[in-house]
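Student: The sequence and its predicted three-dimensional model are supplied below.
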Amino acid sequence: MRKILAAAAVLSGLATALAVTPAHAAVSKNSGAYSSSFVDGAGALTDDFGEQAGELGNSLCYGCGNSSNTDIVVLWQSILAAEDFLTLSEIDGQFGPGTRDATKAWQRRYGLTADGMVGDATWSKADDRLRWLSSSRVSYAAGYQSGAVTFHRGDPNIAQDSGAYKVAEVYRYDHVKSMGGQRIEFNSLTIL
């Protein structure tokens, strides 16, 4: 009887260890998820960010709607930090003067009009830098090898899946900032 109870305890522990965590289950729900309220993508990576300004209804900018306390601003600030235009501690979801100035520097680096607004042209240029890092992760590779942003698109357990994006980490030299949340929302702050 003791052996049966011991075996049952081992199997119970193994089942618990192998169970899907709530966080993992939430990210797997991103597979095939599309909406005009969060960042998503399908097919080629290089058009995933370009549609965001249209779905937002306006550009991200200092003083614009959807530019305060939102995940989409955190996404943009993560790109700026990877490019060495912001520090990791400046990723706060607020599109203030520092983010505006960093955006202008980013736009100059990539040959765009430096207006400090993240609209169609800026998003489209940013998604040109998206690459599959592995079969389940997408990377924004910063210029000049300064850093990167890694994402999950869809379910991280399905190779090159489509659906909602989740920011995983922001890399800058030898520092890493891990992000929470399930999706990159347009109208709320869930990542930080």
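Tutor: Nice, I can see it.
Student: And for the closest residue to G147 other than its chain neighbours, the neighbour number?
Tutor: Leaving out its chain neighbours, the residue that sits closest to G147 by Cβ to Cβ, 6 or more residues apart in numbering is A82, at 3.6 Å. C-beta coordinates here come from the backbone N, C-alpha and C atoms, glycine included. Residues lying near A82 (other Cβ atoms under 10 Å) number 26.
Student: A82 against A142, yeah?
Tutor: Yes. Between A82 and A142 a contact is recorded at 4.2 Å, counting by Cβ atoms under 8 Å.
Student: three-state assignment of R108?
Tutor: Secondary structure, DSSP: H, G, I helix; E, B strand; the rest coil: R108 is helix.
Student: which ones are touching it?
Tutor: Contact partners of R108, counting by Cβ atoms under 8 Å, 6 or more residues apart in numbering, are A114.
Student: what is in contact with A82 and A142 at once?
Tutor: With Cβ under 8 Å, 6+ apart, A82 and A142 have common neighbours A148, V149.
Student: what's the residue nearest to G147 sitting at in phi/psi?
Tutor: phi -60, psi -30 (degrees, to the nearest 10).
Student: Now for it: which residues touch it?
Tutor: Y140, A142, S146, G147, A148, V149, V170, Y171, R172.
Student: and the gap between the second one and E83?
Tutor: Read that as A142. As for A142, its distance to E83 is 5 Å (criterion: Cβ to Cβ, to the nearest Å).
Student: next one: the third one
Tutor: Going from S146 to E83 by Cβ to Cβ gives 6 Å.
Student: How many residues are close by the residue nearest to G41 when sequence neighbours are not counted?
Tutor: Excluding the flanking residues, the one nearest G41 by Cβ to Cβ, 6+ apart is D48, at 3.2 Å. Other residues lying near D48 total 22 when counted by other Cβ under 10 Å.
Student: same check, this time on Q145
Tutor: Q145: 9 surrounding residues under other Cβ under 10 Å.
Student: mind listing the strands for the chain?
Tutor: All strands of the chain, identified by DSSP state E, fall at 40-41, 130-132, 137-141, 147-153, 163-172, 175-178.
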